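1. Okay, structure incoming, though there's no sequence with it:
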């Protein structure tokens, strides 16, 4: 990753000097390296609004994720002490790792090519140290990044090119730090909180559940933003590659959301049934990925003169190995097609095995048991949708064309309506032919899913309730229909509610009643006694 290892050999020069690559004075002669000159020619414009927005959004998501984890620790302290430790541990470890790397990189930069760096006052070093002592090193790095960007906007500033190179270097460093910190902290948190919710054995209060929900969303957003921001920073720091466009950044964000969410669901589902075996699986995967990184002979921690730092490189590989448990990050400048294909094929096989093992042991009444298995099996490496997208050359103009083609191919409204109506008919056939009926809660979840999907496509109960009601009615067991008919006689005939809405509301109340009865009869486990 030579073009990403441009240490701060940053010089002061005018535009004419930049074109010739050198300047002379009475004291010494210095020149921009070829890579630095190409980088400045590629990125001559001042920092744009997108860069400022990405910096602010990434900083906000980082702070939001740390804050939500801290709030969740507070609410879990009295409810489940063991889960409190499991939540607090990754948070502290990630903060320590990120701040240690950050401070070490500051020291390295100060030791190399000192005559070409901007002067850092003792007061500024004290401020850097104070922020790192309170584990807020990335915050001051974001502040410096923002200031470097502002200086590049002043075309009269003789150090504008120096600030530009420092901005690109700092952008890459802070994005990598955020990426490492988010995966060490947020990725385990996603699996843990999803596991707690899937288990549903801990009596959580509303505040704790709200904190869990906020933490899940903020963690997923933080991981996806960190990934997309890191890839965008890498492209900007690559002299001979085009910068990533706004649309490309957005597509990367949603792509990472889907990849990370699917991986987390597979891990959490497996952990909900097999418990501590998930740690064995993750440790084995982590070790294999770390060995792979060592075999690749990464050179991210080398000095500007090419001097290797084997101990720091080994620690760096260990940390990146944690990221590889969830997704792929390219840390060496070489062709990535086969590395991506190999890595994600392995991930797909792992997810498939994890979900199949969970499916064989999970409660048959879980409404998402079959959909989760089908969703993992269907995410094959080569699909029609992927082939359709790959048929377009990767340019800004082709992004809307690819989306339009996907919409025409897979977003046809009449076919989607036909699919969900057939799903309702399948429930009717299951009710008529299966000896063992689905549980009431499972049946209600399936019906609600199909009706919500049809409603989102414009098939509302006001327009099509007369057609949909017989399908819903025929899918229900006989004893449920008897109870519903008895209840209908007690409802005021003047009440303005459709028959379809009435039966759905009745099913919802019956499911809630069953859940209350089941909860009252189940054994209360002593999770909240403070002993874990």
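-> All right, it came through fine. What you are looking at is a predicted structure, and each value in this text was computed from that prediction instead of being measured.

2. What about residue 152, how many residues nearby?
-> For residue 152, the neighbour count with other Cβ atoms under 10 Å is 24. In this view, the C-beta of every residue, glycine as well, is placed from N, C-alpha and C.

3. hey, where'd the strands end up in the protein?
-> Listed in chain order, the strands of the chain (DSSP state E) span 22-24, 29-31.

4. and the closest residue to residue 259 other than its chain neighbours, how many neighbours does it have?
-> Nearest non-adjacent residue to residue 259, counting by Cβ to Cβ, 6 or more residues apart in numbering: residue 327, 5.5 Å away. Per other Cβ under 10 Å, the neighbour tally for residue 327 reads 19.

5. Next, the contact list for residue 327, please.
-> For residue 327, the contact set (Cβ atoms under 8 Å, 6 or more residues apart in numbering) comprises 227, 256, 259, 260, 263.

6. didn't residue 232 look like it was pressed against residue 246?
-> No - the pair residue 232 / residue 246 is not scored as a contact, 9.9 Å apart, by Cβ atoms under 8 Å.

7. what's residue 187 in contact with, if anything?
-> 219, 223, 260, 264, 322, 323, 325, 326.

8. picking that back up, among residue 232 and residue 246, which residue is more densely surrounded?
-> The neighbour count for residue 232 versus residue 246, taken as other Cβ under 10 Å, is higher for residue 232 (24 against 14).

9. where are the low-confidence patches of the stretch 1-150 of the chain?
-> 1-54, 78-80, 112-118 (pLDDT under 70).

10. which of the contacts of residue 327 lies closest to residue 88?
-> Using Cβ to Cβ, residue 260 comes nearest to residue 88 of these, at 22.2 Å.

11. nearest spatial neighbour of that closest one, skipping sequence neighbours?
-> Closest residue to residue 260 apart from its sequence neighbours, by Cβ to Cβ, 6+ apart: residue 223 at 5.2 Å.

12. what's around that neighbour, how many residues?
-> Counted with other Cβ under 10 Å, residues neighbouring residue 223 total 29.

13. Help me confirm that it comes into contact with residue 182.
-> Yes - using Cβ under 8 Å, residue 223 is in contact with residue 182, at 5.3 Å.

14. Among the contacts of residue 327, which one lies nearest to residue 139?
-> The shortest separation between residue 139 and any of those is 20.2 Å, and it belongs to residue 227 (by Cβ to Cβ).

15. Who's the closest spatial neighbour of that closest one, skipping the chain neighbours?
-> Closest residue to residue 227 apart from its sequence neighbours, by Cβ to Cβ, 6+ apart: residue 256 at 4.2 Å.

16. Could you measure from that neighbour over to residue 168?
-> Residue 256 is 22 Å from residue 168, where distance means Cβ to Cβ, to the nearest Å.

17. more crowded one of those two?
-> Neighbour count, other Cβ under 10 Å: between residue 256 and residue 168, residue 168 has more, with 26 against 21.

18. was I right about that one contacting residue 236?
-> Yes - if you go by Cβ under 8 Å, residue 168 and residue 236 touch, sitting 5.9 Å apart.

19. Contacts only, for the residue nearest to residue 227.
-> Applying Cβ under 8 Å, 6+ apart to residue 256 gives the contacts 223, 224, 227, 228, 327.

20. hmm, which two among the residues you listed are most spread apart?
-> Greatest spatial distance in these: 228 and 327, 11.5 Å, computed using Cβ to Cβ.

21. can you give me the end-to-end distance of stretch 233-246?
-> Its start and end residues considered, stretch 233-246 measures 13 Å (Cα to Cα, to the nearest Å).

22. Could you pull up the mean pLDDT of it?
-> Averaged over stretch 233-246, pLDDT sits at 71.

23. ok, now stretch 162-178?
-> Rounded mean pLDDT across stretch 162-178 is 80.

24. Now do the buried residues in that stretch.
-> For stretch 162-178, a neighbour-count test (16 or more other Cβ atoms under 10 Å) marks 162-178 as buried.

25. Hmm, residue 110 is touching residue 120, no?
-> Yes - Residue 110 lies in contact with residue 120 (Cβ under 8 Å); the separation is 7.0 Å.

26. Poorly predicted segments of the stretch 151-300 of the chain, please.
-> Along the stretch 151-300 of the chain, the model assigns pLDDT under 70 to residues 154-155, 157-158, 198-209, 237-241.

27. Tell me, how many residues neighbour the closest residue to residue 324 other than its chain neighbours?
-> Nearest non-adjacent residue to residue 324, counting by Cβ to Cβ, 6+ apart: residue 289, 3.6 Å away. Residues near residue 289, counting by other Cβ under 10 Å, number 21.

28. picking up where we left off before, list the residues that contact both of residue 223 and residue 182?
-> With Cβ under 8 Å, 6+ apart, residue 223 and residue 182 have no common neighbours.

29. pLDDT wise, what is residue 433 at?
-> pLDDT, residue 433: 68.

30. and if you look at the one 4 residues further on?
-> At residue 437 the predicted local distance difference test score is 64.

31. My guess is residue 302 contacts residue 308. True?
-> Yes - counting by Cβ under 8 Å, residue 302 touches residue 308, with 5.4 Å between them.

32. So these two - more neighbours on which side?
-> Of the pair residue 302 and residue 308, residue 302 is the one with more neighbours under other Cβ under 10 Å, namely 18 against 12.

33. Show the pLDDT at the more buried one.
-> Taking residue 302 on its own, its pLDDT is 70.

34. how close does it get to residue 309?
-> Distance from residue 302 to residue 309, by Cβ to Cβ: 7 Å.

35. Please apply the same query to residue 392.
-> Residue 392 is 43 Å from residue 309, by Cβ to Cβ.

36. neighbour count winner among those two?
-> Ranked by neighbour count (other Cβ under 10 Å), residue 392 and residue 309 place residue 309 first, with 16 against 13.

37. count of neighbours near the nearest residue to the more buried one once chain neighbours are set aside?
-> Residue nearest to residue 309 in three dimensions, not counting chain neighbours: residue 301, with 4.6 Å by Cβ to Cβ, 6+ apart. A count of neighbours around residue 301, defined by other Cβ under 10 Å, yields 20.
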